[in-house]
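Visitor: after the sequence you'll find the predicted model.
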Amino acid sequence: MNSASPTYSTLQELVVSDKIYKDKSVKMLSLILQMEHTKSYGSPGIFLITRPRGFGLSLVAKSVEKILERDRETICKIEDEGLLREIPQRHCIKLDFKKIKGADTKEFTHSLLNNLQEQFWLNHIETHLDTYATPKFYLSKLIDTLFKRYKEQLVIIIDNYDIPIANAMLMENSEMTLECVCIYLDMLNVLKTAVSQVKWVMLTGHIKFALANEFSEGLPFVQDLSNEKSLETLFGLTLNEIEESYHTQIEKFAHDRNMSIEEYLKAVDKCYGNFAFSDSLIKVLCPACIAHVLNNNGLLLPYSATANYPIVKKLLSNEFVDLSYLYDKDGQDPLFSNSIDITVEKKQLASLLIQLGFATRARVLLNTDEGYTTWRYRFEMPNLDMQATFLMLKNELPEDYLTKELDYSTKNSAEGN
């Protein structure tokens with residue numbers, strides 16, 4: 001058993017397996033139609049979707065690209081209920097900023113340029129990397145060249161859009177951080193002005209960063225779809241989906257532990273479930289963790305603790321951090337919808353923890369007074385896996401904890417402060 005092994009291949013098999021993919025395909029097509037038909041004024045429609053790590057955002061982004069470009073293997077697999085006919089075929093530029101890094105401004109800029117240069121190669125566009133040109137120039141040239149080639153509006157998909165900003169935040173020099181963020185935001189600003197060339201843009205990532213500041217216009221108007229009811233189960237797996245699609249494996253795992261199927265599923269849910277991404281509070285489980293469970297003969301280990309959360313670890317290292325207000329307290333604002341600045345202050349840490357899956361909404365309270373409605377929330381640690389990961393980041397659990405099964409027999413209590 002190797003709890004730290006990469007999950008991409010197994011997660012793809014899990015999320016895009018025939019049964020699950022067909023179940024999610026109508027939701028995915030509806031998402032594309034929503035982005036296609038949302039009216040924009042003076043700029044392309046720019047949409048943001050965030051989820052915690054392990055929820056298959058990259059796989060969905062890739063699927064959206066294949067659907068738009070009518071990839072035969074993908075189209076044959078989905079059940080579209082006639083929706084596909086309503087979606088025009090479009091050429092896509094798909095960028096993935098997962099590997100963007102750099103210890104200083106020069107390295108950061110070079111990393112962005114290399115990423116864009118790869119797109120020129122993939123699209124057979126002749127160009128030479130000019131060290132004096134900016135990422136903004138190269139993105140603009142890429143869009144303009146492909147628009148002229150295809151003579152129709154493009155769709156741009158940026159996966160892991162948040163990684164460049166997250167990387168810049170880890171730089172020791174705050175001025176360098178700001179400079180790198182502004183370089184990135186200036187590059188993204190090309191999307192705002194490409195209204196004649198780009199139909200819409202989809203950004204996917206784990207953190208909802210502010211994409212404009214006083215130094216760079218960036219993308220001031222981004223439509224955040226992350227908390228819409230229509231997407232609440234698109235990126236996660238419900239307990240029923242797991243039971244129905246992987247019944248044979250679940251039955252074996254339960255038998256090996258002298259448990260009933262119902263008891264084992266409750267344990268799985270306590271370990272990896274209880275995430276809610278809309279006010280309907282429909283609960284879903286983390287697909288990456290379920291992929292690990294299926295690959296590791298049903299072992300319920302703290303799989304998320306092997307992930308990298310450098311920003312959270314850095315912020316939690318402050319001995320004065322107080323999160324007593326966040327967990328199990330009624331009457332809170334919709335913190336999940338807040339944008340994160342490059343200097344995380346006050347309740348932005350709570351928003352960051354919610355967006356990364358270390359807290360989830362557990363209760364929604366509506367108060368209507370003379371025609372004015374307010375929403376208040378209660379947040380809690382979603383499950384044992386995220387609780388263990390949180391404690392690991394605070395250096396409150398030993399490393400060998402990764403090899404021990406989660407104690408799903410005990411009450412799932414959040415230790416949030």
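Guide: In hand now; what should we look at?
Visitor: distance between stretch 175-190 and the chain's centre?
Guide: Centroid separation between stretch 175-190 and its chain, computed with C-alpha atoms, centre = their mean, to the nearest Å, is 21 Å.
Visitor: neighbouring contacts of that stretch?
Guide: When contacts are defined by C-beta atoms under 8 Å, 6 or more residues apart in numbering, stretch 175-190 is touched by residues 102, 104-105, 108-109, 112, 134-136, 139-140, 143, 164-165, 167-169, 171, 211-213, 215-219, 342. Any C-beta I mention is one placed from the backbone N, CA and C, and that applies to glycine too.
Visitor: go through it and flag the buried ones.
Guide: 176-190 (16 or more other C-beta atoms under 10 Å).
Visitor: kindly indicate which of those lies nearest residue 231.
Guide: Distance to residue 231 across the buried residues of stretch 175-190 (C-beta to C-beta) is lowest for residue 188, with 22.5 Å.
Visitor: which strand or helix spans that closest one?
Guide: helix 174-193 (DSSP states H and E).
Visitor: could you list every helix and strand that the helix or strand following that helix packs against?
Guide: Downstream of helix 174-193, the first helix or strand assigned by DSSP H and E is strand 198-205. Packing partners of strand 198-205 (3 or more C-beta pairs under 8 Å, 6 or more residues apart in numbering; DSSP states H and E): helix 18-37, strand 45-50, helix 57-68, strand 154-159.
Visitor: okay, the angle between the helix holding residue 188 and strand 198-205?
Guide: 150 degrees (axes from the mean of the first three to the mean of the last three C-alpha atoms, to 10 degrees).
Visitor: which stretches of the stretch 201-350 of the chain form strands?
Guide: 223-224, 275-276, 283-284 (DSSP state E, counting those that start in this stretch).
Visitor: possible to save the ones you listed as JSON lines with mean pLDDT?
Guide: Formatted as JSON lines, those follow (pLDDT from 0 to 100):
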{"stretch": "strand 223-224", "mean pLDDT": "96"}
{"stretch": "strand 275-276", "mean pLDDT": "98"}
{"stretch": "strand 283-284", "mean pLDDT": "96"}
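Visitor: dihedrals phi and psi, residue 367?
Guide: Backbone torsions for residue 367, taken as degrees, to the nearest 10, come to phi -130, psi 110.
Visitor: burial check on it, number of neighbours?
Guide: 10 (other C-beta atoms under 10 Å).
Visitor: who's it bridged to?
Guide: Counting by DSSP bridges, residue 367 is bridged to residue 374.
Visitor: which residues sit in contact with it?
Guide: 373-374, 376.
Visitor: low-confidence ranges, the stretch 1-150 of the chain, go.
Guide: 1-22, 129, 131 (pLDDT under 70).
Visitor: what segments of it are helices?
Guide: Along the stretch 1-150 of the chain, counting by DSSP state H, counting those that start in this stretch, helices occupy 8-15, 18-37, 57-68, 72-77, 105-122, 135-150.
Visitor: for residue 268, which of the ones you listed is the nearest?
Guide: Closest among the helices of the stretch 1-150 of the chain, once you apply C-beta to C-beta, is helix 8-15, at 13.6 Å.
Visitor: show me the domain layout of this structure.
Guide: 8-228, 236-417 (automatic domain parsing).
Visitor: need the contact partners of stretch 107-122.
Guide: By C-beta under 8 Å, 6+ apart, stretch 107-122 touches 93, 95-97, 99-102, 125-127, 129, 133-135, 138-139, 142, 164, 167-168, 180, 183-184, 187.
Visitor: redo the strands of the stretch 201-350 of the chain as CSV? Include distance to residue 157 and mean neighbour count.
Guide: Output for these, formatted as CSV (distance: least, C-beta to C-beta, whole Å; neighbours: other C-beta atoms under 10 Å):
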stretch, distance to residue 157, mean neighbour count
strand 223-224, 15, 15
strand 275-276, 24, 22
strand 283-284, 23, 22
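Visitor: among the helices and strands packed on strand 198-205, which comes closest to residue 294?
Guide: With C-beta to C-beta as the measure, helix 18-37 is the member of those nearest residue 294 (12.3 Å).
Visitor: run the angle between that closest one and helix 57-68 for me.
Guide: 70 degrees.
Visitor: what's helix 18-37 packed up against?
Guide: helix 8-15, helix 57-68, helix 72-77, strand 198-205, helix 239-245.
Visitor: what lies in contact with that helix?
Guide: 14-15, 45, 47, 60, 63-64, 67-68, 77-81, 83-84, 86-88, 199-200, 202, 225, 230-231, 233-234, 237, 241, 244-245.
Visitor: buried ones among those residues?
Guide: 14-15, 45, 47, 60, 63-64, 67-68, 77-78, 80, 83-84, 87, 199-200, 202, 225, 231, 233-234, 237, 241, 245.
Visitor: distance to residue 382 for the helices and strands packed on helix 18-37 - can I get that in TSV?
Guide: Converted to TSV, the helices and strands packed on helix 18-37 look like this (distance: least, C-beta to C-beta, whole Å):
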stretch	distance to residue 382
helix 8-15	19
helix 57-68	17
helix 72-77	30
strand 198-205	19
helix 239-245	14
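Visitor: what is the end-to-end distance of stretch 51-58?
Guide: Terminal residues of stretch 51-58 are spaced 11 Å apart (C-alpha to C-alpha, to the nearest Å).
Visitor: what's that stretch in contact with?
Guide: Residues outside stretch 51-58 that contact it (C-beta under 8 Å, 6+ apart) are 7-8, 11, 15, 49-50, 96, 98, 159-160, 204-206, 226, 235-236, 275, 277, 286-289, 303-304, 307, 355-357.
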